[in-house]
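*Asks:* make a model of this:
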Amino acid sequence: MRALVLGTIIALCLCGVAIADDAGPPAATATLNITVRNISSAGGKLLLGVYDETNFAMKGGVPVAHKSTNVRGDRQTVTFEDIPPGVYAVKALQDINMNGQFDMGVKGIEPFGFSGYPEIKGGLPPFADVKFTVTAGDNSIDITLH
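*Replies:* Residues are numbered from 1 along each chain as shown. The predicted structure is shown next:
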């Protein structure tokens, strides 16, 4: 009886190993370091969103990843981990009044920027102009706020 129970346990363990082996290697992920430059001394929060092409221009589009961090200086690096490799674009905003949205008013506009887009020409740029490729491992980009 003891041999039968032990044999059953071993068989169940081996089945579990076989199932795990069939799943293949874990999906590769990436780390994305975003250095934001030209941050205003007005303070607030730095809001960053990493978007795929479908969600970039969509009103209410959901980013693949997003972060909010307190502003510390005129240059800051924010790290995203476990990003799936792919083609993305980043939207960045210095939310000076910390209300979670982009504001334009009598005091001007809150500083904002996009990946791969050194000059702001008005409006949301096309995805093709701001896209970049994230590969497995470490990746870095720079964004300048305007």
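
*Asks:* just the strands in this protein please.
*Replies:* Using DSSP state E, the strands of the chain run over 30-37, 45-51, 65-70, 75-83, 86-95, 104-105, 108-109, 112-114, 132-134, 137-144.

*Asks:* among the ones you listed, which comes closest to residue 125?
*Replies:* Closest to residue 125 of the strands of the chain is strand 112-114 (Cβ to Cβ; 5.8 Å). (C-beta placed from N, C-alpha, C; glycine too.)

*Asks:* other residues contacting that closest one?
*Replies:* For strand 112-114, the external contacting residues (Cβ atoms under 8 Å, 6 or more residues apart in numbering) are 36, 38, 89-94, 102, 120, 125, 130, 143-146.

*Asks:* name whatever forms a beta bridge with residue 89.
*Replies:* Beta-bridge pairing of residue 89 under DSSP bridges involves residue 51.

*Asks:* among the contacts of strand 112-114, which ones are buried?
*Replies:* With burial judged by 16 or more other Cβ atoms under 10 Å, the buried subset of those is 36, 89, 90, 91, 92, 93, 94, 125, 130, 143, 144, 145.

*Asks:* any chance of TSV for the residues you listed, columns pLDDT?
*Replies:* Listed next are the buried ones among the contacts of strand 112-114 as TSV, based on pLDDT from 0 to 100:
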residue	pLDDT
36	98
89	98
90	98
91	96
92	97
93	96
94	97
125	92
130	96
143	96
144	95
145	94
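
*Asks:* which ones are touching the closest residue to residue 119 other than its chain neighbours?
*Replies:* Nearest non-adjacent residue to residue 119, counting by Cβ to Cβ, 6 or more residues apart in numbering: residue 146, 7.6 Å away. Neighbour list for residue 146: 38, 111, 112, 113, 119, 120 [criterion: Cβ under 8 Å, 6+ apart].
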